[in-house]
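> only the shape, not the letters, is given here:
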């Protein structure tokens, strides 16, 4: 499933064709994805101007001039592609629509934005912009890891007394919004912390060191265009490539990349997810 850097990459890729532009027509080609689309979704989107686009956790949010916000979740295989962009950044001609092109936005600048989702684990919803933060999917989220509300004292407080493994704590969306399995593994490697360590037993100095490391891991991924695991695509259809620089994720049995370490990368299962780490230099 696309993680925060991938979603940020897609959102930024969509901005040139959607932000400040009117949705001339929206086509909704089925009644649902992961859950049913909101009532009259095509009608409520058509003719509306996209005032701004932003990301919250792993959700793309498009604020409309109607006072509503379109919420998009890519799910496991969802992707949004742009064609006919007048800025010349994407494919100029509109390709023939495919079987799984479930929602299509015809922008009045000539661009066409298509949401394709073969597995239909993605989702879309319309919510009142002024009350967006209270939406059931957004109200439970913790601070953004790249925002000002994510800081050392927050993480120290969140970890205090927790007996769960640090990896599970970092994946708790109520503690940090949008952080996923891949980048938790990478952040813990850079910090030299084992994913098996109890969160509440890690020293304050080591917990505080995680904050800038998490930020840097995510910023590196965004700069690289996001990872390209399986079905992920950027908005212009190009694969990301950050997975080529993963230090531990997906490298089971390979040599540790930390200078001076002679260990190898190990894979274990935690809460049904694979954790990759070096047992020699991550403590």
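The structure has been received and is ready for your questions. Computed from a predicted model, the values in this text were never measured in an experiment. Residues are numbered from 1 along each chain as shown.
> which SSE is residue 102 in?
Assigned by DSSP states H and E, residue 102 belongs to strand 101-107.
> who touches the next helix or strand after that strand?
Remark: after strand 101-107, the chain's next helix or strand is strand 112-116, criterion DSSP H and E. Strand 112-116 has contacts (C-beta atoms under 8 Å, 6 or more residues apart in numbering) with 14, 17-18, 72, 78-84, 94, 97-98, 100-107, 122, 124. To be clear about C-beta, it is placed using only N, CA and C from the backbone, and glycine gets the same treatment.
> one more: stretch 198-217?
In contact with stretch 198-217 (C-beta under 8 Å, 6+ apart) are residues 145-146, 150-152, 155-156, 159-166, 168-170, 176, 179, 183, 186-187, 190-191, 193.
> now stretch 259-274, how far from the centre of its chain.
Distance of stretch 259-274 from its chain centroid, counting by C-alpha atoms, centre = their mean, to the nearest Å, is 23 Å.
> state the mean pLDDT of it.
Mean pLDDT, computed over stretch 259-274, is 96.
> for it, buried residues please.
For stretch 259-274, the neighbour count (16 or more other C-beta atoms under 10 Å) marks 265, 266 as buried.
> what comes into contact with that stretch?
165, 167-168, 171, 181, 195-196, 248, 251-256, 275-281.
> 6 Å - rerun?
167-168, 181, 248, 251-256, 275-276, 278-281 (C-beta atoms under 6 Å, 6 or more residues apart in numbering).
> just the buried subset of the residues you listed, please.
Buried, going by 16+ other C-beta under 10 Å: 167, 168, 181, 248, 251, 256, 275, 276, 278, 281, out of the contacts of stretch 259-274.
> next step: those restricted to strands.
In this view, these that belong to strands under DSSP state E are 275, 276, 278.
> can you add distance to residue 62 and give the residues you listed back as CSV?
Conversion of these to CSV gives the following (distance: C-beta to C-beta, whole Å):
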residue, distance to residue 62
275, 35
276, 35
278, 41
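> what about residue 97, distance to residue 207?
Separation of residue 97 from residue 207 (C-beta to C-beta, to the nearest Å) stands at 49 Å.
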